[in-house]
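**Student:** Make a model of this:
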Amino acid sequence: MFVRDPIGYRKQAFLRSSIPRTILLDKTGKQLVQWPIKELKKLRARQVSLHNIDIKGGTVFEIAGITASQADVEVSFELPNLEDQIELMDTKSVDPQQLCSEKNSSVRGVLGPFGLLVLASKNLTEQTAIFFRIFKGYDKFVVLMCSDQSRSSLKRDVDKKIFGAFVDANLSHKISLRTLIDHSVVESFGGKGKACITARVYPELAIDNKSHLYAFNYGTRSVRVSRLRAWSMKKARIVEFHEGRKLE
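**Tutor:** Next up is the predicted model:
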């Protein structure tokens with residue numbers, strides 16, 4: 001893939017496995033955040049929007065009306081009272097990737113796992129889960145973000161690792177997720193880019209028009225989708241760059 005930067009088109013070899021991003025300083029001035037380049041919005045096509053949908057614990061619902069194998073999804077989850085009983089976790093001594101492996105998408109907690117099931121087959125035999133869990137630390141609430149590829153494919157000879165990161169987010173009872181899906185690439189941005197996870201998955205069933213997209217909540221407490229917008233994505237225009245060629 002080739003993208004246009006301020007001085008013209010340059011070849012970006014790394015984009016074979018990653019969507020081009022911008023790197024910004026967040027509003028507090030204390031953390032760098034990553035976000036998809038704004039030009040990607042030009043590829044958005046058919047859109048669906050949902051508002052104020054409660055997802056009870058142990059349930060899923062399908063996000064229909066778009067091409068699930070090539071999509072851009074933005075969702076904001078509204079959380080219940082965080083003062084209620086929530087799992088305790090000393091995150092200072094825990095590796096987030098290991099924690100995501102131990103508490104994968106099939107392990108129920110109180111607040112989480114909740115998020116998106118992408119590149120999923122109709123019966124959920126194949127699925128890649130992008131999700132959050134909320135824990136209570138010693139002095140603050142902790143957000144764990146995971147990308148669980150353990151059930152991403154029926155194929156045996158492909159990588160099915162689980163990735164994870166802590167999201168340094170001021171919850172205010174809400175947490176956001178943006179996920180871009182491009183057939184085998186799943187790139188997710190939690191807390192408006194404060195945590196980013198890229199995964200390559202190789203489904204056998206959930207391909208092209210047989211791919212489905214779901215929102216889910218496997219925690220015991222309900223969460224609310226306060227807002228969800230999803231778009232089918234058009235193919236990017238590929239422009240070759242040749243050394244010595246004058247850029248327009």
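
**Student:** any idea how far the residue nearest to the spatial centre of the chain is from residue 137?
**Tutor:** Residue closest to the average C-alpha location in the chain (Cα atoms, centre = their mean): residue 188, at 3.0 Å. Distance, residue 188 to residue 137, by Cβ to Cβ, to the nearest Å: 23 Å. Quick note: C-beta positions are derived from backbone N, CA and C, even for glycine.

**Student:** my read: the residue nearest to the centre of the chain touches residue 147, true?
**Tutor:** Yes - between residue 188 and residue 147 a contact is recorded at 6.1 Å, counting by Cβ atoms under 8 Å.

**Student:** intersection of neighbour lists for the two?
**Tutor:** 130, 197 (Cβ atoms under 8 Å, 6 or more residues apart in numbering).

**Student:** How far does stretch 98-116 sit from its chain's centre?
**Tutor:** Here the centre of stretch 98-116 is set off from its chain's centre by 14 Å, with Cα atoms, centre = their mean, to the nearest Å.

**Student:** Put the alpha carbons of that stretch into PDB.
**Tutor:** The C-alpha coordinates for stretch 98-116 follow below in PDB (Å, rounded to 0.1, in the frame of the first residue of the first chain):
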ATOM      1  CA  GLN A  98      -0.200 -12.700  30.200                       C
ATOM      2  CA  LEU A  99      -3.300 -11.400  31.900                       C
ATOM      3  CA  CYS A 100      -5.200 -11.400  28.600                       C
ATOM      4  CA  SER A 101      -4.100 -14.900  28.000                       C
ATOM      5  CA  GLU A 102      -5.300 -16.100  31.400                       C
ATOM      6  CA  LYS A 103      -8.500 -14.100  31.300                       C
ATOM      7  CA  ASN A 104      -9.400 -14.500  27.600                       C
ATOM      8  CA  SER A 105     -12.700 -13.700  26.000                       C
ATOM      9  CA  SER A 106     -14.300 -16.900  27.300                       C
ATOM     10  CA  VAL A 107     -13.500 -16.200  30.900                       C
ATOM     11  CA  ARG A 108     -16.300 -14.200  32.600                       C
ATOM     12  CA  GLY A 109     -15.600 -11.400  35.000                       C
ATOM     13  CA  VAL A 110     -17.700  -8.700  36.600                       C
ATOM     14  CA  LEU A 111     -17.100  -5.800  34.100                       C
ATOM     15  CA  GLY A 112     -15.900  -7.600  31.100                       C
ATOM     16  CA  PRO A 113     -15.000  -9.000  28.800                       C
ATOM     17  CA  PHE A 114     -17.000  -6.700  26.600                       C
ATOM     18  CA  GLY A 115     -16.200  -5.300  23.100                       C
ATOM     19  CA  LEU A 116     -16.400  -6.500  19.500                       C
END
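
**Student:** buried sites along stretch 26-45?
**Tutor:** Applying a neighbour-count criterion of 16 or more other Cβ atoms under 10 Å, the buried positions in stretch 26-45 are 33, 36, 40, 43, 44.

**Student:** With respect to residue 83, which of those residues is nearest?
**Tutor:** Using Cβ to Cβ, residue 33 comes nearest to residue 83 of the buried residues of stretch 26-45, at 28.1 Å.

**Student:** Show me what that closest one bridges to in the sheet.
**Tutor:** residue 24 (DSSP bridges).

**Student:** list the contacts for it?
**Tutor:** Here residue 33 is in contact with 23, 24, 25, 26, 192, 193, 194 (criterion: Cβ under 8 Å, 6+ apart).

**Student:** try it again with 7 Å
**Tutor:** 24, 26, 192, 193, 194 (Cβ atoms under 7 Å, 6 or more residues apart in numbering).
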